[in-house]
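A.B. asks: Sequence below, structure please.
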Amino acid sequence: RRRMEMQFVLVILGAILLLLSILLYKKTRLRRDVGFLCYVIRIKFYTFHRVWFRATTADIFEKQCDRTPTNTAIIWGNKSYSYLQVEREGNRLANWALSLPYAGPNVTVAFLCENRPEFIFTVLGLAKAGMVTALINTNLKGAPLIHSITIASPVMLIVGEELLSNITEIHDKLQIGRAS
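C.D. replies: I've put the predicted structure just below:
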């Protein structure tokens, strides 16, 4: 705790020194530089606050949803999703994940899916369930794909339908949820 307080004080002192140097050497760009400095300090404080209170991605998203439920969170093609819609989908997937017999906190789930809204719903839902999501590179096939999945040692593999053919080729060689 003391170390984090010291880091915070050092960030503030650095910001003050930066502000003084701006005042002395860059009078013409003062407004822009001070604005940027304030932005950096806000980001540092936000990060410090989140680390201090151990907020997860799901916690941060939930707070954003509480603040702006009707604002657009995702735009995909001609469809858009509000924060509330994304939160509901994440909750639905979290409830599904928790209903599984091998679900639980800190359980690893390998996830292989192309970019699309369901990707975010799934990652958010698994985070809400307390599960660790191992994101697997979608360009991998064969032995590299087997290695990436095996090294994560997941109890479950979630695959997008567009990548199902990659998994069916190697299904027999995978060690998912089995004792080694």
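A.B. asks: residue ranges with poor pLDDT in the chain?
C.D. replies: Residues of the chain meeting the criterion pLDDT under 70: 1-4, 6, 22-31, 33-34, 49-52, 177-180.
A.B. asks: need the strands for it, in chain order.
C.D. replies: Ranges of strands in the chain, per DSSP state E, are 72-76, 79-82, 108-112, 132-135, 156-159.
A.B. asks: who touches stretch 135-153?
C.D. replies: Stretch 135-153 has contacts (Cβ atoms under 8 Å, 6 or more residues apart in numbering) with 108, 110-114, 123, 134, 157, 163, 166-167, 169-170, 173-176. The C-beta positions use only the backbone N, C-alpha and C, and glycine is treated the same way.
A.B. asks: Pull out the buried members of these.
C.D. replies: Ala110, Phe111, Leu112, Cys113, Val123, Ala134, Leu157, Leu163, Asn166, Ile167, Leu174 (16 or more other Cβ atoms under 10 Å).
A.B. asks: quick one: the fifth one and Phe111 touch, right?
C.D. replies: Okay, so that is Val123. Yes. Counting by Cβ atoms under 8 Å, Phe111 is a contact partner of Val123 at 7.0 Å.
A.B. asks: so what sits against both of these two?
C.D. replies: Shared contacts of Val123 and Phe111 (Cβ under 8 Å, 6+ apart): Thr133, Leu135.
A.B. asks: Including distance to Leu100, could the strands of the chain go into a markdown table?
C.D. replies: Listed next are the strands of the chain as a markdown table, based on distance: least, Cβ to Cβ, whole Å:
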| stretch | distance to Leu100 |
| --- | --- |
| strand 72-76 | 26 |
| strand 79-82 | 25 |
| strand 108-112 | 10 |
| strand 132-135 | 14 |
| strand 156-159 | 7 |
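A.B. asks: Phe53 is nearest to which of those strands?
C.D. replies: With Cβ to Cβ, the closest approach to Phe53 among these belongs to strand 132-135: 20.1 Å.
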